[in-house]
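> This is a predicted model, with the sequence first.
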Amino acid sequence: MKLGRKAVAVGIVGLLALTACGRADEGSAEKPGASSSTTVDDSPAKGDITVWAMGEEGEKLPDFVKGFTDENPDAKVQVTTIPWADVMTKFQTAVAAGTVPDAIMIGTSFMPTMVSTGGLAPVPDGLVDSADFVEGAAASTVADGVEYGVPWYVETRVMYYRSDLAQAAGVAAPTTWDELTAFAQAMKTNGSTYGLQLPMGDAEDSTQVILPFYSQAGGSIFNAAGDAYDLDNQAMIDALDYYASFFTEGLSPLAGYGDTQNSAFVDGSDPAFISGPWMVNVLADMQGEDWVEQNVATIPVPAGTANNDSYIGGAHLGVFNEAKNADGAWKLVRWLADPETQQEWYAATNDLPAVNSAWDDEALTSNPRTQVLQQQLENTIAPPTVPSWDELSATIETEAEKVANGQVTSEDAAKTIQAKADTLGLGW
């Protein structure tokens, strides 16, 4: 089954935009766009392979890659775990100083900036087949027609809500924008302080819900030619109005998630939120698996007038241009992208496979919550793979916060966002 068909729309438009932009100016860091001329054979990997990885993946990867070294006894893998907050600083410093490891885990939102530095090597010809992967994830590895990473795992956001409280409030799972508003109102009427948690501002990456709202309203990030942002339109106004309505109507706390997101969900004061698959384990650690099973429902995000797109994220694997053991690193990447390895990685971490065929595993097909995630992955939107997106998304988040606080109208916010987009360009 192919996953993430709508996410590829952003990736393809982003690709067209990159092609239209051309390459970086002379004198800049080595620019993206060089085609790969290397290949990786099927012989065993050899030598030391150094890897940077982040978060829980970085903690679990050292033990997991023993499967790789068992198959490649002349290879040794050394994984260094680094904090997510330090990734870009360490990456840029290492590229500038020529002290890079061989391979790196790449959060999807970091991909454009990492590519623009010239630090990443193109994926060797024939290493993997991009058609084997979730389409949105595969598209987000491409810059200027060249693949710079191999998808490792994916995640998307679904809606979590307190099913016990919803039953007490007499409301069913919402499937549309209007139903979500009514759902939140009913939960509040039934005794909750709020009805839906939403992120607020740059610190909480609120574009991860605003961008899907924009797509749900029929918006497209780029113009038809793919060479400029297109954000001052009715879809953006509708998305900002809808986002802000939860705050202005007292259905979401103006503080955003704050420090009490999980405890507010558990105590029922804020009984719904939109987040990723990791939250099942977070809640189980807090209250136990039985409590989660009995009281927490997960559903695809409600739809706007156009669709019910949700945010797609995850991580890729890349190899540095200056890697000392590029051959060994690419062979490790290929092993981690193997369907059976992906299924084993899911069993070890609950990270959703990036390879389509890995979803045939019974551990995934028999899990109702995983099936909701699979359903949502059919309708997703990815952040665009252009370097200016990080800065532009911060502007979107700031303007959305102003709308939510009644400081500006959605129309004025959309104009400000577009003005910033015009100033930044795509960033290549």
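Looks like it came in fine. Numbering: from 1, shown residues only.

> For beta bridges, what are the partners of the most centrally placed residue in the chain?
Central residue check for the chain by C-alpha atoms, centre = their mean: the C-alpha nearest the mean position is that of Gly313, 1.5 Å away. Note on Gly313: beta-bridge partners by DSSP bridges are Glu155.

> which residues touch it?
With contacts defined as C-beta atoms under 8 Å, 6 or more residues apart in numbering, Gly313 is in contact with Gly107, Thr108, Ser109, Val154, Glu155, Thr156, Gln208, Gly276, Ala382. Where C-beta positions appear, they are placed from N, C-alpha and C, glycine not excepted.

> min pLDDT across those residues, which one?
Between those, the one the model trusts least by pLDDT is Ser109, at 82.

> Could you list the single helix or strand in this protein with the lowest mean pLDDT?
Among the helical and strand segments of the chain, the one scoring lowest on mean pLDDT, DSSP states H and E is helix 7-21, with a mean of 38.

> what's the closest non-adjacent residue to the residue of the chain most remote from its centre?
No residue in the chain sits farther from the centre than Asp74, which is 35.1 Å out by C-alpha atoms, centre = their mean. Taking C-beta to C-beta, 6 or more residues apart in numbering as the measure, Asp74 lies nearest to Lys46, with 4.4 Å between them; neighbours along the chain are not counted.

> Mind jotting down where the strands sit in the stretch 151-300 of the chain?
158-162, 272-275, 296-299 (DSSP state E, counting those that start in this stretch).

> ok, and what's touching the second one?
Looking back up the chat, that one is strand 272-275. 157-162, 183-184, 187, 195-198, 209, 257, 261, 265, 279, 301, 310.

> cutoff 10 Å now
Outside strand 272-275, the residues within contact range by C-beta atoms under 10 Å, 6 or more residues apart in numbering are 155, 157-162, 165-166, 174, 180, 183-184, 187, 192, 194-199, 208-209, 212, 251-252, 257, 261-262, 264-265, 279, 282, 297-298, 301-302, 310-311.

> Tell me which of those fall in helices.
Within the contacts of strand 272-275, membership in helices is found for 165-166, 180, 183-184, 187, 208-209, 212, 261-262, 264-265, 279, 282, as judged by DSSP state H.

> Where neighbours are concerned, which of those has the most?
Going through the ones in helices among the contacts of strand 272-275 with other C-beta atoms under 10 Å as the criterion, the one with the most neighbours is Ala184, at 28 neighbours.

> correct me, but it touches Ser252?
Yes - Ala184 sits in contact with Ser252 when judged by C-beta atoms under 10 Å, with a separation of 7.6 Å.

> list the residues that contact both of the two?
The contact sets of Ala184 and Ser252 overlap at Tyr194, Gly195, Leu196, Gln197, Leu198, Ser245, Phe246, Asp270, Ala272 (C-beta under 10 Å, 6+ apart).
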